[in-house]
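Asks: Quick one, structure for this:
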Amino acid sequence: MAGLAVVIGDLQVGVTHKYPIAAELVPRAAALAAAARKRGHLVVFVRTQLRANGSDVSAQNAGVHAIYDMNDDYHQGSTGVELDPGRGRAPGDVVVTKRRASAFAGTDLDVVLRCNGVGMLVVAGSRDERDGGRNGL
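Replies: Prediction:
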């Protein structure tokens, strides 16, 4: 039987401290993560982080460039990229850093899920409405 993982995306300080709707999700995400852990499931937190010098931001990628230009909340080393402290991270949880819109492309999420025998996902978190809801986690 395939394992299950709970993947919680984009509940980082740069999002939850600016967008009240995202902040409202933090206690729910913490409860979901706690319930998953209690049942022995893997918990993965995803955050967006870009290099502070912009070396991973292509001029041809308007979406990523817009995120980079907003402020330093998504820049490596800023407090904005830290996971919201209320979301309940525990030892054994995994943090995946994405540098594009999706955690499912260009990250080590696939490796983490495969190595842990995960075949089913519960996906939760916030997404940025600036992109019309097309992207997220």
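Asks: Please point out which parts of stretch 83-93 sit buried.
Replies: For stretch 83-93, the neighbour count (16 or more other Cβ atoms under 10 Å) marks Leu83, Asp84, Arg87, Gly88, Arg89, Asp93 as buried. Where you see a C-beta, it was placed from the backbone N, CA and C, and this is true even at glycine.
Asks: Which two among those residues are spaced furthest apart?
Replies: Comparing every pair within these by Cβ to Cβ identifies Asp84 and Asp93 as the most remote, at 13.3 Å.
Asks: just checking, what packs against the biggest helix by length in the chain?
Replies: The single longest helix within the chain, with elements called by DSSP state H, is helix 20-38. Judged by 3 or more Cβ pairs under 8 Å, 6 or more residues apart in numbering; DSSP states H and E, the packing partners of helix 20-38 are strand 3-9, helix 13-16, strand 42-48, strand 118-125.
Asks: Between these, which one is closest to Val112.
Replies: strand 42-48 (6.5 Å).
Asks: so for the closest one, what's the average pLDDT?
Replies: Looking at strand 42-48 alone, the average pLDDT works out to 96.
Asks: That strand pairs with which strands, parallel or anti?
Replies: strand 3-9 (parallel), strand 94-98 (parallel) (DSSP bridges).
Asks: as a whole number, average confidence for the helix or strand that it is followed by?
Replies: Toward the C-terminus, strand 42-48 is succeeded by helix 62-70 as the next helix or strand (DSSP states H and E). Averaging pLDDT along helix 62-70 yields 88.
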